[in-house]
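Asker: structure for this input, please:
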Amino acid sequence: MNASATLLPAVVRPAVEDRHWLSSDHCAASVLDLLDGLGWTITETPETNIHMTSPEGGVYVGWLPEDPSAWAREIVWRVQVLPADGEVWVQEFGVHTPSEAVAGFLSALVTHSSR
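Answerer: Residues are numbered from 1 along each chain as shown. Below you'll find the model as predicted:
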């Protein structure tokens with residue numbers, strides 16, 4: 001059985017210029033903008049690492065471009081969640097993970113936790 005081309009879903013291909021965010025620019029701007037807008041505490045160290053804490057203190061996000069132990073594990077982002085009624089869990093993202101992807105992860109996390 002052959003399906004007519006008119007019955008098949010259209011393939012949507014974004015323009016190449018729309019894919020720039022798929023590779024890291026090694027910048028934390030997307031995450032900083034998101035968390036600053038949500039009222040998180042943001043602290044920068046002299047080494048240019050940035051530590052962010054949610055208003056209730058249950059979530060920590062670290063951007064660690066100058067942390068030797070993070071680089072040894074090939075990560076630059078660390079998300080640590082301290083649930084009130086569960087075990088602490090951690091998600092880490094590598095040096096090539098775009099900040100937009102980390103912001104999307106955090107946005108989903110924040111959206112889910114506010115329900």
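
Asker: only C-alpha atoms from now on, for both contacts and neighbour counts.
Answerer: Noted.

Asker: can you map out the strands along the protein?
Answerer: In the chain, the strands defined using DSSP state E lie at 41-44, 50-53, 59-63, 75-81, 89-94.

Asker: nearest to residue 26, out of those?
Answerer: Proximity to residue 26 (C-alpha to C-alpha) singles out strand 75-81 among the strands of the chain, at 9.1 Å.

Asker: and the closest one, what's buried?
Answerer: 75, 76, 77, 78, 79, 80, 81 (16 or more other C-alpha atoms under 10 Å).

Asker: okay, these in CSV with distance to residue 56 and pLDDT next?
Answerer: Formatted as CSV, the buried residues of strand 75-81 follow (distance: C-alpha to C-alpha, whole Å; pLDDT from 0 to 100):
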residue, distance to residue 56, pLDDT
75, 26, 95
76, 24, 94
77, 20, 96
78, 18, 97
79, 15, 98
80, 13, 97
81, 11, 96
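
Asker: and residue 50, what is it in contact with?
Answerer: Contact analysis of residue 50 by C-alpha atoms under 8 Å, 6 or more residues apart in numbering lists 42, 43, 44, 62, 63, 64.

Asker: roughly how far does it sit from residue 33?
Answerer: From residue 50 across to residue 33, the span is 13 Å (C-alpha to C-alpha, to the nearest Å).

Asker: equivalent analysis for residue 67, please.
Answerer: Distance of residue 67 to residue 33, given as C-alpha to C-alpha: 22 Å.

Asker: okay, the two: which has more neighbours?
Answerer: residue 67 (14 against 11; other C-alpha atoms under 10 Å).

Asker: let me see the contact set for the more buried one.
Answerer: Applying C-alpha under 8 Å, 6+ apart, one finds that residue 67 lies in contact with residue 49.

Asker: how many other residues sit next to residue 55?
Answerer: 12.

Asker: now it: how far from residue 64?
Answerer: For residue 55, the distance to residue 64 - C-alpha to C-alpha - is 21 Å.

Asker: need the strands of the chain in a markdown table (columns: distance to residue 29).
Answerer: Formatted as a markdown table, the strands of the chain follow (distance: least, C-alpha to C-alpha, whole Å):
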| stretch | distance to residue 29 |
| --- | --- |
| strand 41-44 | 12 |
| strand 50-53 | 11 |
| strand 59-63 | 11 |
| strand 75-81 | 13 |
| strand 89-94 | 16 |
